[in-house]
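[1] the following comprises the amino acid sequence and a computationally predicted model.
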Amino acid sequence: MNRKKLLFVLCLSVVLVFVAVANSEELAKKQVLKYASDNRSISSLDPICKGNNGTFPIQNMIFESLVRYEPGCTDIEKIQPALAESWSVSENGRIWTFNLREGVKWHKGYGEFTSTDVKYSIERTINSEKSQFRARFANIDSINVSNPYKVIFNLKDTDAFFLLKLANKFAGWLSCKAAVEDMGEEEYGLLPIGTGPFEIVENIAKEKIVLKRNNEYWRGKPILERVEYYLMPDNTSRTMALINGEIDVIRGVVSPEWYDTVISNGMKIGYGLPGQLILNFNMTKKPFDDIKIRKAFAYAIGRKAVLDFYGKTAIPQWTAVPSFVFSSLKESEIPEEYRYEKNIEKAKELLAEAGYPDGFEVETVITEHADYSIPLQIWQEELKDVGIKLKIIVVDHPSFHKKIRTDQFPLVVYGGVRDPIADVWLYQWYSSKTVVGTPTGVTNFSHYGQVDANGDGLVDSIDNFIDEAKRTLDTAKQKELWQQAQHQLLRDLPVFPSHCVRIMFAWQPYVNPGYDLNGSVVDAFEIWENTYIMKH
């Protein structure tokens, strides 16, 4: 099929979808969606700047990438074409070729999207002093764009995850070369130009951002006319605005009470990318250099008490790789002794074997942020059952992050939301190359890969699994390597993987996202061309 016929078919399919929607559910006359975030302010929307859960939903409406995650899904095996129609990779994994979609237009008359924009965006990420994502593309040797609709990336070394770095998040979102040069970086960060289904028309600091539909969007004209994105940091006000019908969609709260409130008021619920919470044992500090002590801690606290508190707003995390990430071990794939479910007698037995029959005292620091402090307080109570007295020093969130990076505490509670790639979760927390307090790594609080973890006199490491998985393009082989790494970490227990809080979104029953929100790599209620409001 030639390109003109393909474009016609795509346009026709969008029209048919619109007609089907209109026939099955009557559309509201006013297609204006009001979305409330929990952010107090919005930083730059420029993709090379560090984003957060406030900027991601907006950027995902404005910008596009060469490939995208399936809306409402975090499965890396379901990556879809976006601005690239197709792609291929050489046998050695070092040459990636992308065939671009023709006829895609930049917002506000900035012309056609071409390979020049791709090259410019990626090289700007690598070279700009403002860029927060140089490391993502450090493996790129050169970018060739001899054809307006073809881009060839030449890598220095094999990178099995290169495609995911070009997906819809962070510097994977592509910028318009002509617009950046015309507007300047500061203005571009406020009112950026993209190719997405919506274009930004207003950015009022600490109040709201307004976007209107892109009538020339290549997937088809969006059903929504406008999106109004409000900044409402107060959880109670934001929730009441939803219940009262003043707002259509909100970012939720990690709270069983909040969940029950919105459900009882007839709202719909969906989930973003869950955030893990793990208890790191600093194995350079006594008595946590002894694996028996670490296991005693795990058996003493278990997961039940925390999960009972959170209800449906949390899920258990059984391994170093959370359950929503490809290759994560299922509960049934883990031997019972390595699930570390609460077992007081087992904990006491291990403490006695380690020379602490009456327990001991330990001190750590925690942030006032409830997602961190509440689990630690629950564990504090659980530990009393085995004679362990946990003293907690509470500080503000910025101070907490500074203090835990001084490497002075034997226990570190840490959360985090990362891309759904096992490599990220394993490398950042358990690679010997990540050292606390240095630019190359700040999350290996346990010092795994740098010490003898299991007492056999040898340094224990999963570096070989991480490195080999990076080099292979064989998905089945990657899964096998990542799962071997998880089994080893459960045996050596440098951290106790506790749970993941479920980042929730709630919306009016008359709002149809156009997909099922079972996860979102952009941490958002994603708004696409097929999102709409029904008559109500």
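    On my side now, so go ahead. Residues are numbered from 1 along each chain as shown.
[2] which residues in the stretch 251-400 of the chain form strands?
    268-271, 275-281, 314-316, 361-367, 389-395 (DSSP state E, counting those that start in this stretch).
[3] give me the distance between Ser255 and Asp463.
    Distance from Ser255 to Asp463, counting by C-beta to C-beta, to the nearest Å: 39 Å. Yep, even glycine has a C-beta here, placed from its N, CA and C like the rest.
[4] follow-up on the earlier one: most tightly surrounded among the strands of the stretch 251-400 of the chain?
    Highest mean neighbour count among the strands of the stretch 251-400 of the chain (mean count of other C-beta atoms under 10 Å): strand 275-281, with a mean of 24.
[5] can you give the contact residues for that strand?
    Applying C-beta atoms under 8 Å, 6 or more residues apart in numbering, the contact partners of strand 275-281 are 288, 294, 297, 301, 317, 320, 322, 371-372, 375, 379, 410-417, 425, 429, 445-446, 493-501, 503.
[6] the nearest residue to Ala178 once chain neighbours are set aside and Lys433, how far apart?
    Counting by C-beta to C-beta, 6 or more residues apart in numbering, Tyr110 is the residue found nearest to Ala178 once chain neighbours are left out, at 5.2 Å. For Tyr110, the distance to Lys433 (C-beta to C-beta) stands at 41 Å.
[7] could you do Pro148 as well?
    Here Pro148 is placed at a distance of 40 Å from Lys433 (C-beta to C-beta).
[8] number of residues surrounding Thr55?
    For Thr55, the tally of surrounding residues (other C-beta atoms under 10 Å) stands at 24.
[9] 478 is where my numbering starts, stick with that
    Got it, the first residue is 478 from now on, which makes the last one we talked about Thr532.
[10] surely it and Ser518 touch.
    No - applying C-beta atoms under 8 Å, one finds Thr532 not in contact with Ser518, separated by 10.4 Å.
[11] assign Gly673 to helix, strand or coil.
    Classification of Gly673 by DSSP: H, G, I helix; E, B strand; the rest coil places it in coil.
[12] for the one 5 residues further on, same thing?
    Using three-state DSSP, the structure places Val678 in strand.
[13] can you give me the helices for the stretch 528-677 of the chain?
    533-539, 592-604, 639-642, 654-660, 662-667 (DSSP state H, counting those that start in this stretch).
[14] helices or strands next to the shortest one in the packing?
    Spelled out, that is helix 639-642. Taking 3 or more C-beta pairs under 8 Å, 6 or more residues apart in numbering; DSSP states H and E as contact, there are no helices or strands that helix 639-642 lies on.
[15] contacting residues around that helix?
    Here helix 639-642 makes contact (C-beta under 8 Å, 6+ apart) with 544, 553, 556, 564, 566, 573, 613-614, 616, 630, 632, 636, 648-649, 896, 898.
[16] out of the residues you listed, who's nearest Ser714?
    Asp896 (31.8 Å; C-beta to C-beta).
[17] so that closest one sits against Arg613, correct?
    No - Asp896 is beyond contact range of Arg613, at 10.3 Å (criterion: C-beta under 8 Å).
[18] one step back: mean pLDDT and distance to Gly722 for the strands of the stretch 728-877 of the chain - can I get that in JSON lines?
    What follows is the strands of the stretch 728-877 of the chain, written out as JSON lines (pLDDT from 0 to 100; distance: least, C-beta to C-beta, whole Å):
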{"stretch": "strand 745-748", "mean pLDDT": "96", "distance to Gly722": "14"}
{"stretch": "strand 752-758", "mean pLDDT": "95", "distance to Gly722": "30"}
{"stretch": "strand 791-793", "mean pLDDT": "94", "distance to Gly722": "29"}
{"stretch": "strand 838-844", "mean pLDDT": "97", "distance to Gly722": "35"}
{"stretch": "strand 866-872", "mean pLDDT": "97", "distance to Gly722": "38"}
